[in-house]
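Undergrad: Compute the structure for the input listed below.
(chains A and B)
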Amino acid sequence: MFYYYLRLSALSYRRNPILSSLMVFAIAIGVGAYMVIFTLNYVMGGNPIPQKSAELFHVQIDSGNPNTQDDPPPQLTYLDARALIEANSAFRETPTSKMSGILEPEGDDVRPFSIVGRGSSADFFPMFNVPFLYGTPWDGSADRNLQQVVVITKELNERLYGGNDSTGKTLRLHGYSFQITGVLDDWSPVPKFYDVNNNAFEGSEEVFIPWNLITSLEFPRNGNTSCWKAPEPGPDGFLNSECVWVQYWVELRDSDEEADYLQFLNNYAAQQKEFGRLPREMNNGLFDVEEWLLKQEVLPNETKILSALAAMLLAVCLLNTIGLLLSKFLGKSGEIGVRQALGAHKGSLFLQHVIEAGFIGLLGGLLGLVVAAAGLEGIKILLGEDLMRTDWIQLNPTVVAVTLLLAVFATIAAGFYPIWRACNINPAIHLKTQ
Amino acid sequence: MLDMKNIRKVFRTDLVETCALDDFSLTVDQGEFVTITGPSGCGKTTFLNIAGLLETHTSGQYLLDGVDVSELRDYARAKLRNQKIGFIFQSFNLMPDLNLFDNIDVPLRYRGMKSRERKERVDKALDSVGLFARRKHVPAQLSGGQQQRVAIARALVGDPLFLLADEPTGNLDSHTAMGVMALLEEINDSGTTIIMVTHDQSLAEQSKRNIHILDGRISTESTRRSEEAATVA
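TA: Residues are numbered from 1 along each chain as shown, chains lettered A, B, ... in the order given. You can find the predicted model right below:
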């Protein structure tokens, strides 16, 4: 009977095309607007690395100003980062900082240009499940021995080498020669959880080099730097200061490792206090990916307000749909009376009209996808590529499925009262007056 | 087959109470052709609706093929209606969006019949009223008489115990009406019981049994064999 009722729904649509289309448009607008905000929330607030987000931790050591009540700084000093990497206490760990430089491609085909890169340890790539198209990341000895090696992105590889395997080739960066060990495959976590301090929604860096080379080769830093007291003059003064500019991530496989590492941090902080550093109360922490994104308020508060507004618009559209469905279904009182006379019980009539409401909801959902897609394109234009990457702002299979399910079930819910009214008409009255 | 005893039907609103049927008793046997006549508002349609399980009665007893319908819920009433009763209406009540085949098919779908058996029955029903060739047409493409034939075919397709006809010739011209009546008589001759409400006195006089209702009660009952009218107190 399901296909029969579906056919009846299509015939009913054809009989009242204007009324039915009004309902479809109302649902499309409500659902489409809601799904635009839902998509933004879903992508911006989603877990970018769900398969191991509970094993990755951002390290917090409170090296902040003792004279204020500010939150602990979200980054570490150079001193602390060096100490942690040398202690090698976690299963995997990586300091990470943004840098920049001038890239001089081989040959005269491409002129030198400025690039933004990232310094990290070799562990960065297996920790964050970074995929490789060609080659591999460098190993731990390259970190220790300050080898001038580099991993480049697929886009940069396309630009410099036509997308071919460029491992082993040399490129000049910041005046130094670096050997390419690997080329990344497509990788663009949203949000960019490993560095939310420098725009969590911007694109990936173009090159990755061993973190120690940032200081040894004096690359310009490109990320956030914050100092609660002025550093001593000179490069060494800065490196030995309480200025924070390094993010530090560890991979801990279970709660025992987590507890052990936190104890290590506390022991380290206690030792630093004896040297006169870290004047504030002990406040070290380990935050997994989701905790860190929440703590850093990556999802802007404005999206919550927009979500509420979109939900209200959807509610208004559904209220309109209730009225339109009431009009449509009560207009079928004669047919309902005839069907009852021919043997339809209220349950089958109810089901017939639930399916009809679902059919209208499905059409509204399909049109709603068009509205949502248009809305998302509008958002992209508003945001602009200058502010952030916008390629992730699009409908994905999950969003499409949610849109259609929302439209169908919301319309069925809106149709409950009209359907109940229609199924409880007195057939005798309508048969005589038909 | 149809056995009503002391049926009473009261319609109540906030302001007024109307007794449409009062102490109404009627028995109809298998194979009868009964006409129901009476002035407007006498309770003919109320009787028909109660007989067709479209209305419940306030008090009394109604046995349909031996089943007391008083305590039946909606599902059971619908099932009984589908299996035992065929309806023919004055305004045909065909569904305008469905073609003739689909219109006649409706009661069989509610019976849960399989597709092949439904097709066989519908084709046979259409053939019996001479409209098989137009099974893909919609009602708007038919004349009034043809539409009523389709309605009759729909009423018969499920082999009902009896047909309830509410002024089946009311919207037809006299010539077409005669054709429809001839068809109904033919159906009755084949064994199907027919209970027909009509304003047409000539049709009532032609029927084998006529019940005249006045103020919700049976006032006279006559059969064609007996020329004497029995007056019910």
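
Undergrad: out of everything not next to it in sequence, what's closest to the residue nearest the centre of chain B?
TA: Per C-alpha atoms, centre = their mean, the C-alpha nearest to the average position across chain B is that of B:Leu164, at 0.9 Å. Taking C-beta to C-beta, 6 or more residues apart in numbering or on different chains as the measure, B:Leu164 lies nearest to B:Gly52, with 4.9 Å between them; neighbours along the chain are not counted. Glycine gets a C-beta too; all of them are placed from N, C-alpha and C.

Undergrad: Please report how far the one you found lies from B:Pro160.
TA: When C-beta to C-beta, to the nearest Å is the yardstick, B:Gly52 and B:Pro160 sit 11 Å from each other.

Undergrad: overlap in contacts of those two?
TA: Any residue near both B:Gly52 and B:Pro160 by C-beta atoms under 8 Å, 6 or more residues apart in numbering or on different chains counts here, and that gives B:Ile85.

Undergrad: I would like the residues contacting stretch A:355-370, please.
TA: Where contact means C-beta under 8 Å, 6+ apart, the residues beyond stretch A:355-370 that reach it are A:2, A:5-6, A:8-10, A:12-13, A:20, A:23-32, A:35, A:325, A:395, A:400, A:403-412, A:414-415, A:419.

Undergrad: Tell me how far it lies from the chain's centre.
TA: When C-alpha coordinates are averaged (C-alpha atoms, centre = their mean, to the nearest Å), stretch A:355-370 and its chain have centres 28 Å apart.

Undergrad: Report the buried residues of it.
TA: For stretch A:355-370, the neighbour count (16 or more other C-beta atoms under 10 Å in any protein chain shown) marks A:355-369 as buried.

Undergrad: helix, strand or coil for B:Thr27?
TA: Here B:Thr27 is strand, with the state taken from DSSP: H, G, I helix; E, B strand; the rest coil.

Undergrad: for it, what are its contacts?
TA: Shown here is B:Thr27, whose contacts under the criterion C-beta under 8 Å, 6+ apart are B:2-4.

Undergrad: any idea how far it is from chain A?
TA: B:Thr27 is 23 Å from chain A, where distance means C-beta to the nearest C-beta, to the nearest Å.

Undergrad: Would you quantify the distance from A:Phe208 to A:Thr94?
TA: The span separating A:Phe208 from A:Thr94 equals 10 Å under the rule C-beta to C-beta.

Undergrad: Between the two, which contacts overlap?
TA: Residues touching both A:Phe208 and A:Thr94 comprise A:120, A:124, with contact defined as C-beta under 8 Å, 6+ apart.

Undergrad: Looking at chain B, which residue is nearest chain A?
TA: Of all residues in chain B, the one sitting closest to chain A is B:Asn82 (2.4 Å; C-beta to the nearest C-beta).

Undergrad: Give me the mean pLDDT for the helix or strand where that residue lies.
TA: When secondary structure is defined using DSSP states H and E, the element that contains B:Asn82 is helix B:74-84. Confidence over helix B:74-84 (mean pLDDT, whole number) is 93.

Undergrad: Just give the strands next to whichever helix or strand comes after that helix in its sheet, each with its orientation.
TA: Downstream of helix B:74-84, the first helix or strand assigned by DSSP H and E is strand B:85-88. Here the strand partners of strand B:85-88, with direction, are listed using DSSP bridges: strand B:162-166 (parallel).

Undergrad: Around chain A, pick out the residues from chain B.
TA: Residues of chain B found near chain A (C-beta under 8 Å from any C-beta of the partner chain) are B:45, B:49, B:52, B:54-55, B:74-75, B:77-79, B:81-83, B:87, B:89, B:91, B:93, B:95-98, B:106-107, B:109-111, B:154, B:158, B:166.

Undergrad: Need the per-residue pLDDT for whatever residue of the stretch 151-300 of chain A ends up closest to chain B.
TA: Taking C-beta to the nearest C-beta, chain B has its nearest neighbour within the stretch 151-300 of chain A at A:Val190, 49.0 Å off. If you check A:Val190, the pLDDT there is 82.
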